[in-house]
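# Starting from these lines, generate the structure:
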Amino acid sequence: MGTTTDHDVTVATAGPTRREVLVGAGVLAGVGVLAACGTSEPDGGTTTAPAGDAPADSAAIARLADIPVGGAIGATLAGRPVLLTRPEAGTVVAVSAICTHQQCQVLPDEGRLLCPCHGSVYGLDGSNVSGPAPSPLTPVEVHVSGEDVLAGAG
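Model (predicted):
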C-alpha cells in the first residue's frame, strides 16, 4: 500500500483492486459477477471499475476536521458507501463500507469498523480483526487537499 503526502497528512492509497480481493476470496465465479458491478455505456457495453479506482471528484467527500483521530465517519462516493478513517494524526484511510462477508454496510464503532449483520470486525485500516468476513475491506483511493478529503490520487 503506497502513500501520498499533502499538507503534512499522509493518505494511504489503494492496495489490491476489487478484482484481486474477489479472486483472493474465491468469490469471482465468472464474467457475470463482474458485469453486475459495471456501469452501462451508451453503446450498450459495460465497463468495470474496481472500487479502489474511484474517479477523482472536485467536491470534497469530507472535511479533515470531521474525521476523528482514532475513529471513522461514513460518507458516500459515486453513490457507494465508504468509511473515512484516521488511525492516527496525519493519516487518512478510505475503504468501502461493504462487508466482504455478506455485503452488509459496515459502520464506525469506537475505534474500529463493525458489521452489524454478523459481527465482523475490521481495523481502521480495513484489515480483518475478527468474525466471518473472508477478506479486508476494499481500499478506496483518496487524497487530502488543504482541509478537504477528495476522491482519487492527488
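
# burial of residue 127, as a residue count?
Neighbour count for residue 127, taken as other C-beta atoms under 10 Å: 13. (Each C-beta comes from the backbone N, C-alpha and C, glycine too.)

# do the same with residue 79
5.

# what pLDDT does residue 59 get?
Note for residue 59: predicted pLDDT of 86.

# isn't there a strand covering it?
No. Under the criterion used here (DSSP: H, G, I helix; E, B strand; the rest coil), residue 59 is coil, not part of a strand.

# Quick one: name whatever helix or strand follows the lowest-mean-pLDDT helix or strand in the chain.
Within the chain, confidence by mean pLDDT, DSSP states H and E is lowest for strand 46-47 among all helices and strands, at a mean of 25. Sequence-wise, the next helix or strand downstream of strand 46-47 (DSSP states H and E) is strand 62-63.

# Now do that following strand: which elements does it pack against?
Counting contacts by 3 or more C-beta pairs under 8 Å, 6 or more residues apart in numbering; DSSP states H and E, strand 62-63 packs against strand 148-151.

# quick one: buried residues of the strand it packs on?
For strand 148-151, a neighbour-count test (16 or more other C-beta atoms under 10 Å) marks 149-151 as buried.
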